[in-house]
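Novice: Need a 3D model of the following:
(one chain, ligands or ions: 2)
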Amino acid sequence: MSAAALDIILLESHEAALRTLLHRENGTEAAAYVLFGKAEIATDPWSKQPRIRLISHEVVPTSDEMVSSSSTHVTWSTQGFMRLLGLAQHRNLVPGLVHTHPGAKAFFSDQDDRNEAELARTTFNKGTQGLASMVFGQDDAIVGRLWTSAKASTQASSISIVGSQIKIWREDAGHEDTAFLARQAALFGKGFNPIVRALRVGVIGCGGTGSAVASLLTRLGVGHLALMDNDTIDTTNLNRVHGSRAADVPARLAKVDILAREIEACGLGNHVVTRRAWVGDPSLRDVLRSCDVLFGCTDDNQGRLTLNRLSHYYGIPLIDVGLRMRSAKSGVDYDMTGRITTIRPGNPCLMCLGVVNAQRAAAEGLQRNDPVEFERRKAEAYVAGGGDPAPAVVTFTTSIACAAVDELIQGLTGFRGPGGMAHNRIRRFDRVEDRTTTCRPVPTCPVCGTEATWGRGDVNPFLGVIG
Ligand SMILES: [Zn+2]
Ligand SMILES: [Zn+2]
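Specialist: Ligands and ions are numbered 1, 2, ... in the order given. Purely as a prediction, here's the structure:
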């Protein structure tokens, strides 16, 4: 078995805190500590290889007596380092060192190798699970690695900064012919296509909005797509599911298989994987944790709650899409509203926005796990759900999908300005109106009301949820 590939995700606020801590007017090197959460991915769905992800969880400032430095070196004091190891071990996190090379490249020097090998030996002697290290060089360049024993380290092949913007450095970016993407390079510059080619995007829910999102991502040139949906196509889906055909209904084709067929037929080099499962299914955990960005196109509350938590624990931006369509009745106008919400550590979550309903989620869980009991309680009117299917029209599902993918493009390019992705965008189709809104996190919210979830990575039980 080959060594696991390594990704490092820095949350935007952590990166900003590090840059402030490490800045020295006199040009000397500086150092700080970071505690990382870890995702141990047994099988990356695209490479079929194991992958380790480190996600920044907390910046631990070092006082000057803990570290000494000049313009060319930094020395870690034993006392400060032992305290970091104690914290990491106690909280089951990965300890990390960060230092600067002011006015020089981001790379690991021979002296860094020697110093860190020593610290790695101490780390493994103490029984801590690995030692991470990063160097911040000039021009915002960053390198990172993980010591997996006292003698061996793995260099990160992907480093990203996740916040209102998404910045990604990829080792495997930019070695592919993307002539078919020339027109978008003409708009966003030649650096754009290599980024989208290397991007790993998950689409959860492949109905009206999800199928449109997946089709758009295909043409945008996204190199790695993961499609997740448990459903088969039915006749009432044909009015909006992109790529579906009437003959797919009697053939009882799965929505994910229909989309994969269409994407592969395009021949544009997108590497597609499909999973026919509901978002909470444990078989999806490796896929979800391998993605750089997730599109939530599911219409169930429980699925949304899972993705809401996952985004915080793993530092993966979630672009959640929703539609509400109500017919006009006498005296009541149409209500035709689309919503795009960007969830990530630092933004108020879907619960705080009032987008998900915990009672509905519980009812959906019951319907999934114990359908007999669900029907009994529904008959006695204890649970919501199972009403008339929601109205849906292809132009509106596709329009909101376009707006969702635009939000990703904004995160990658800043074409709307440096503010990054909007937290919550509301489109009223009946009024031809777009507006952005936000809310405050509820202080007691277990997901976004505390930084304890940010980049926490793997915990037992998964996402800290029992049952
Ligand atoms: Zn160095
Ligand atoms: Zn919240």
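Novice: only C-alpha atoms for contact and neighbour calcs from this point on.
Specialist: OK.
Novice: Could you report the neighbour count for residue 437?
Specialist: 11 (other CA atoms under 10 Å).
Novice: okay but it is in contact with residue 421, surely?
Specialist: No - using CA atoms under 8 Å, residue 437 is not in contact with residue 421, being 12.0 Å away.
Novice: Please report the distance of residue 332 from ligand 2.
Specialist: 32 Å (CA to the ion, to the nearest Å).
Novice: do the same with residue 160
Specialist: With CA to the ion as the criterion, residue 160 and ligand 2 are 24 Å apart.
Novice: before we move on, what about residue 217?
Specialist: From residue 217 to ligand 2 the distance is 29 Å (CA to the ion).
Novice: Pop out the phi and psi values for that residue.
Specialist: With angles defined as degrees, to the nearest 10, residue 217 sits at phi -60, psi -30.
Novice: give the contact list for it.
Specialist: residue 405 (CA atoms under 8 Å, 6 or more residues apart in numbering).
Novice: All the helices of the stretch 251-400 of the chain, residue numbers only.
Specialist: Assignment of helices within the stretch 251-400 of the chain using DSSP state H, counting those that start in this stretch yields the ranges 255-266, 285-290, 301-314, 358-369, 371-379, 394-413.
Novice: What are the buried residues along the second one?
Specialist: Along helix 285-290, the positions that meet the burial threshold by neighbour count (16 or more other CA atoms under 10 Å) are 285-290.
Novice: and if you look at the third one?
Specialist: By neighbour count, with 16+ other CA under 10 Å as the criterion, the buried positions of helix 301-314 are 301-305, 307-314.
Novice: can you check the fourth one too?
Specialist: For helix 358-369, the buried set under the neighbour-count rule, 16+ other CA under 10 Å, comprises 360-361, 363-367.
Novice: Look up the pLDDT of residue 16 for me, please.
Specialist: pLDDT for residue 16: 96.
Novice: hmm, I was thinking of residue 466
Specialist: 77.
Novice: cool, and residue 290?
Specialist: pLDDT, residue 290: 98.
Novice: How about residue 26?
Specialist: 83.
Novice: tally of neighbours for residue 52?
Specialist: Neighbour number of residue 52 under other CA under 10 Å is 23.
Novice: Counting by contacts, list what the helix or strand hosting it packs against.
Specialist: According to DSSP states H and E, residue 52 maps onto strand 51-60. Strand 51-60 sits against strand 5-11, helix 12-22, strand 31-41, with contacts defined as 3 or more CA pairs under 8 Å, 6 or more residues apart in numbering; DSSP states H and E.
Novice: Out of the ones you listed, flag the one nearest residue 464.
Specialist: strand 31-41 (13.5 Å; CA to CA).
Novice: and that closest one, what other elements does it pack with?
Specialist: Using 3+ CA pairs under 8 Å, 6+ apart: strand 31-41 touches helix 12-22, strand 51-60, strand 94-100, helix 285-290.
Novice: so can I have JSON lines of these showing distance to residue 152?
Specialist: Formatted as JSON lines, the helices and strands packed on strand 31-41 follow (distance: least, CA to CA, whole Å):
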{"stretch": "helix 12-22", "distance to residue 152": "26"}
{"stretch": "strand 51-60", "distance to residue 152": "15"}
{"stretch": "strand 94-100", "distance to residue 152": "16"}
{"stretch": "helix 285-290", "distance to residue 152": "24"}
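Novice: Among these, which comes closest to residue 426?
Specialist: Nearest of the helices and strands packed on strand 31-41 (CA to CA): helix 12-22, 24.9 Å.
Novice: Just want the angle from that closest one to strand 31-41.
Specialist: Angle of helix 12-22 versus strand 31-41, following axes from the mean of the first three to the mean of the last three CA atoms, to 10 degrees, is 150 degrees.
Novice: Could you tell me how far helix 12-22 lies from the centre of the chain?
Specialist: 20 Å (CA atoms, centre = their mean, to the nearest Å).
Novice: Please identify the buried residues of it?
Specialist: Per 16+ other CA under 10 Å, helix 12-22 contains these buried residues: 12-15, 18, 21-22.
Novice: Just name the closest of the residues you listed to ligand 2, please.
Specialist: residue 13 (17.8 Å; CA to the ion).
Novice: Next up, the contacts around that closest one.
Specialist: Residues near residue 13 by CA under 8 Å, 6+ apart: 163, 346.
Novice: Touching, residue 149 and residue 127? I think so.
Specialist: No - using CA under 8 Å, residue 149 is not in contact with residue 127, being 10.7 Å away.
Novice: which of the two has more neighbours?
Specialist: Each of residue 149 and residue 127 has its neighbours counted (other CA under 10 Å); residue 149 has more, 17 against 11.
Novice: residue in the stretch 201-350 of the chain nearest to ligand 2?
Specialist: Counting by CA to the ion, the stretch 201-350 of the chain gets nearest ligand 2 through residue 349, at 4.1 Å.
Novice: ok, how many other residues are close to that residue?
Specialist: Residues near residue 349, counting by other CA under 10 Å: 30.
Novice: Check whether it really touches residue 439, as I assumed.
Specialist: No - taking CA under 8 Å as the definition, residue 349 is not a contact partner of residue 439, at 9.2 Å.
Novice: quick one: contacts for residue 427?
Specialist: Neighbours of residue 427 in contact, by CA under 8 Å, 6+ apart: 337-339, 400, 433-435.
Novice: excluding its backbone neighbours, what's nearest it?
Specialist: Excluding the flanking residues, the one nearest residue 427 by CA to CA, 6 or more residues apart in numbering is residue 434, at 4.4 Å.
Novice: For that neighbour, give its distance to residue 118.
Specialist: 57 Å (CA to CA, to the nearest Å).
Novice: ok, now residue 32?
Specialist: 17 Å.
Novice: Equivalent analysis for residue 148, please.
Specialist: 13 Å.
Novice: Of those two, which one has the most company?
Specialist: Taking other CA under 10 Å, residue 148 and residue 118 do not tie; residue 148 has more neighbours (16 against 13).
Novice: can you pull out the strands in the stretch 51-200 of the chain?
Specialist: 51-60, 67-69, 74-76, 94-100, 131-136, 142-147, 153-155, 158-162, 166-170, 200-204 (DSSP state E, counting those that start in this stretch).
Novice: Ranked by average pLDDT, which of the ones you listed falls at the bottom?
Specialist: strand 67-69 (a mean of 66).
Novice: So which residues on the chain come close to ligand 2?
Specialist: 349, 352, 445, 448 (CA under 5 Å from the ion).
Novice: Go again with 6 Å.
Specialist: 348-349, 351-352, 441-442, 445, 447-449 (CA under 6 Å from the ion).
Novice: Quick one: low-confidence residue ranges for the stretch 351-467 of the chain.
Specialist: Across the stretch 351-467 of the chain, the ranges flagged by pLDDT under 70 are 381-388, 467.
Novice: Since that was my last question, I'll sign off now.
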